[in-house]
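# pasted the sequence and its predicted model underneath.
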Amino acid sequence: MAQAKYSRIDGRKSSPSYCSTFTVVVFVALCLVGVWMLTSSSVSPVQNLDLPAEKQKNDVKEEVKDTSESSAKQFEDKTGDLPEGVRSEGSNDSTSQEEKTNDSTFEEKQEEKTSQSSGEEGKSDDHTKSETENEENKTEDTKSMKEGAGEAARTAGDGGDSSQQKDSADSSSDNKSDSVDSEQKTEESSSETKQQDKVQAEETGELESSKEQASTDLFPSGAQSELLNETATQTGVWSTQAAESKNEKEAQKSSGSQQQGGYSWRLCNTTAGPDFIPCLDNLYAINHLRTTKHYEHRERHCPEEPPTCLVPLPEGYRRPIEWPKSREKIWYYNVPHTKLAEIKGHQNWVKVSGEYLTFPGGGTQFKRGALHYIEFIENMLQKQGVGFSWGKSPRVLLDVGCGVASFGGFLFEKDMLTMSFAPKDEHEAQVQFALERGIPAISAVMGTKRLPFPGIVFDVVHCARCRVPWHIEGGKLLLELNRVLRPGGYFVWSATPVYLKLPEDVEIWKAMSTLTKSICWELIAKEKDPVNAIGIAVYRKPVSNECFEQRSSSDPPMCQQSDDRNAAWNVPLQSCMHSIPLGDLERGSHWPEQWPARVEKPPYWMTSSQVGVYGKPAPEDFTADYQHWKRVVSQSYLKGLGISWSSVRNVMDMRAVYGGFAAALRGLNVWVMNVVPVDSADTLPIIYDRGLFGVYHDWCESFSTYPRSYDLLHADHLFSKIKSKCSFMGLVAEVDRILRPGGKLIVRDKVEIITELESLFRTMQWEIRMTYSKDKEGLFCAQKTMWRPTETETLTYANS
């Protein structure tokens, strides 16, 4: 053997025995190499898999530390072990940038170490560098870091084993085939990839779990954030998540269209524009009327479904001038109409004065001022000894064809309450002028249907050249006034037939004289006012049926006993008279007490045998309701809602019962339109007998008033009733229509209704002033803003 060995060194040819021996040695060497390969690629990973994931990571970190001290220092920062949310919340921009730089430096050092240990693994360097430059791949960065550390550790471990095996192999042979080397590298790569995937999967799972736990500990859930926002906990110098989220949501809502549960508010596109009254501007219905002889085109024609869009504001709209200054002037751009000033300016109705529309206090029949006219009427009646005194007896007045309502506006000085009405006609915006001035008014017409008032409730009815043909068609229109006028009440008429001698006027006067006698109205005074150069006639309705029984003719006839004088909602006019109630406990048989005593006492005709709305005997029900609202108004509404009542003038109680809310406000400088829904108990006569006023209405339809009419709306359990009946969203849009920007809405209702309303009004950018709930009942107060949506909705029925 020795000789053979030396002979090889000498370069001599080997014999066949030497070849066989060499083959055996090579074979054994290959077998040893194979065993080494198996042990180096499988034993170490199996050992790692048996350890917990955290142990494996620590082992890897220890190995990396042994390999490179500088890379270990970078890894000890351990920023990758914290959830990303925690890092971003607790660090500023410079810190984040520093972390990114550290990560990149660490990757570069790991690449250098890996290249020195194993040149074959250097292909991953470029990939790692590209990942550190892409912020989206932070997770991949972490993975590359761990792969680099694991690769370095394994390379270091493999190097020790291979040196021993190499010495053993060299003692047998210096020669290895290229195919064996290639196979060995492939198996190493495959084994390492599997092990890295396994370790990475475990580390990723643990990392996600760590993120979850940290997020839960450091940042509360949405519900918890809300709770924190409601506690008295101090936040120090840091803002709260709830406040930040709220600000962001409000900022988002201020841009673009507003949505609530998929609902998007739009701006109504109509011919009427900012003056849109849905039931009076239904042009499609008006254009398809068979006749307009009886002013049918001025009556209500509501669309099948109420609009759910919002009415635009006039360009240049401003917060209305406060009462009492508003009686004399209003902002021109709030009601930018000049036609009435052009045709009625000489009668002192309204004038344009710079940025204002001014109201000198005149009218067609009182050019020298309404106050003189009012006092003249009172004086002429007192001379007749009828005990007439404005504001005491009578108290409630109906002004027909009111114009700009200066008559009713100056009657406030006499403690009178005037319901003014006029149609929406060629005298553009006359009712809108009245409401903007702070004077009660509605849009209505004497046409083919009864007025929306109960019977025998007004103390006085007034018509100053109101252009109503009372005498035609059997006096049907005058008979409607007879229905609403209280027995013993007064009809004040100051039209041209009273004092002019033109043939037409003389003819009308004769016809009126005949008609008033046939309905038993007594002409108690007729005088000419020298200041205004007009004449005034005052009639009085009888207080008994004696005159009716003595009539020589039954024209007009008495109404059937079955005819209800209080039925007024969409009821056609009838040419008949109702008899005068005579029983001691019949409503209308006695004149109410003088104001203000009448507002606090139950009417004489309410008896304990009657059951009230709330289940108590009627007088007790009335008193309890009044005491309730006095307490609510004094303790809550006046003090707890943050409302500046000096800026409140026009008020509506959208679901009045006995008028207790309005009565509780009587000490303030406001007036209240009491609305009794048509599907509620008919308590409107009680409201009138208290010296207050109101109308019937169906809230499934739009109210007969202009947009931006009221400063405050009050709705007591109205929305919950509408929700079960018709369009809830239609009522929400209607509230927005009739309330002025800056106006307040107070709602008392079920908690779920309050919650829904709060959400909806937020989408309209209303300011939520207060919400309160107790025992499934809630209170809600909000203020309308100037916000209007940008998208539009065209209402085809309201466009010409």
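Thanks, I have it.
# shaky segments in the stretch 351-500 of the chain?
Within the stretch 351-500 of the chain, no stretch has pLDDT under 70.
# surely E342 is within a helix?
Yes. Counting by DSSP: H, G, I helix; E, B strand; the rest coil, E342 is part of a helix.
# pull stretch 301-312 out as CSV, backbone CA atoms only.
Listed next in CSV are the C-alpha coordinates belonging to stretch 301-312 (Å, rounded to 0.1, in the frame of the first residue of the first chain):
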residue,chain,number,x,y,z
HIS,A,301,-103.6,70.8,-3.9
CYS,A,302,-101.0,68.6,-2.2
PRO,A,303,-98.8,66.1,-4.1
GLU,A,304,-99.4,62.4,-3.5
GLU,A,305,-96.2,62.2,-1.4
PRO,A,306,-94.7,65.2,0.5
PRO,A,307,-91.4,66.4,-0.8
THR,A,308,-88.3,65.2,1.0
CYS,A,309,-86.0,67.8,-0.5
LEU,A,310,-84.9,71.0,1.1
VAL,A,311,-86.0,74.5,0.0
PRO,A,312,-83.2,76.8,-1.0
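# what mean pLDDT does it have?
Regarding stretch 301-312, the rounded mean pLDDT is 98.
# ok, and what's touching that stretch?
For stretch 301-312, the surrounding residues in contact (CB atoms under 8 Å, 6 or more residues apart in numbering) are 265-269, 273-274, 276, 278-280, 282, 285-286, 700-702, 707, 726-727, 729-734, 736-737, 764, 788-789, 792-793, 795, 797-798. Placement of C-beta: from N, CA and C, glycine included.
# now which of these would you call buried?
265-269, 274, 276, 278-280, 282, 285-286, 700-702, 707, 727, 729-734, 736-737, 764, 788-789, 793, 795, 797-798 (16 or more other CB atoms under 10 Å).
# can you list the strands that the longest strand belonging to the chain pairs with?
Ranked by residue count under DSSP state E, the longest strand found in the chain is strand 739-750. Counting by DSSP bridges, the strands paired with strand 739-750 are strand 710-716 (parallel), strand 777-783 (antiparallel).
# output the last one as CSV, nothing but the C-alphas.
Backbone C-alpha positions of strand 777-783 (Å, rounded to 0.1, in the frame of the first residue of the first chain) are rendered in CSV as follows:
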residue,chain,number,x,y,z
GLU,A,777,-88.9,59.0,26.8
GLY,A,778,-86.6,61.7,25.4
LEU,A,779,-86.2,65.4,24.9
PHE,A,780,-84.3,66.8,21.9
CYS,A,781,-83.4,70.4,21.0
ALA,A,782,-81.6,71.4,17.8
GLN,A,783,-80.9,74.6,15.9
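# could you give the mean pLDDT of it?
Mean predicted lDDT for strand 777-783 stands at 97.
# in it, what counts as buried?
If you call a residue buried by 16+ other CB under 10 Å, then strand 777-783 has these buried ones: 778-783.
# any chance of those in TSV, plus distance to W323?
Putting these into TSV (distance: CB to CB, whole Å) gives the following:
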residue	distance to W323
G778	31
L779	27
F780	26
C781	22
A782	23
Q783	19
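# between the residues you listed, which is nearest V571?
F780 (35.0 Å; CB to CB).
# quick check, that closest one in contact with S759.
No. Look at F780 against S759 with CB atoms under 8 Å: they stay out of range, at 11.0 Å.
# before we move on, what SS does the nearest residue to K750 once chain neighbours are set aside have?
Nearest residue to K750 in three dimensions, chain neighbours excluded: S720, at 5.2 Å (CB to CB, 6 or more residues apart in numbering). Following three-state DSSP, S720 is assigned to helix.
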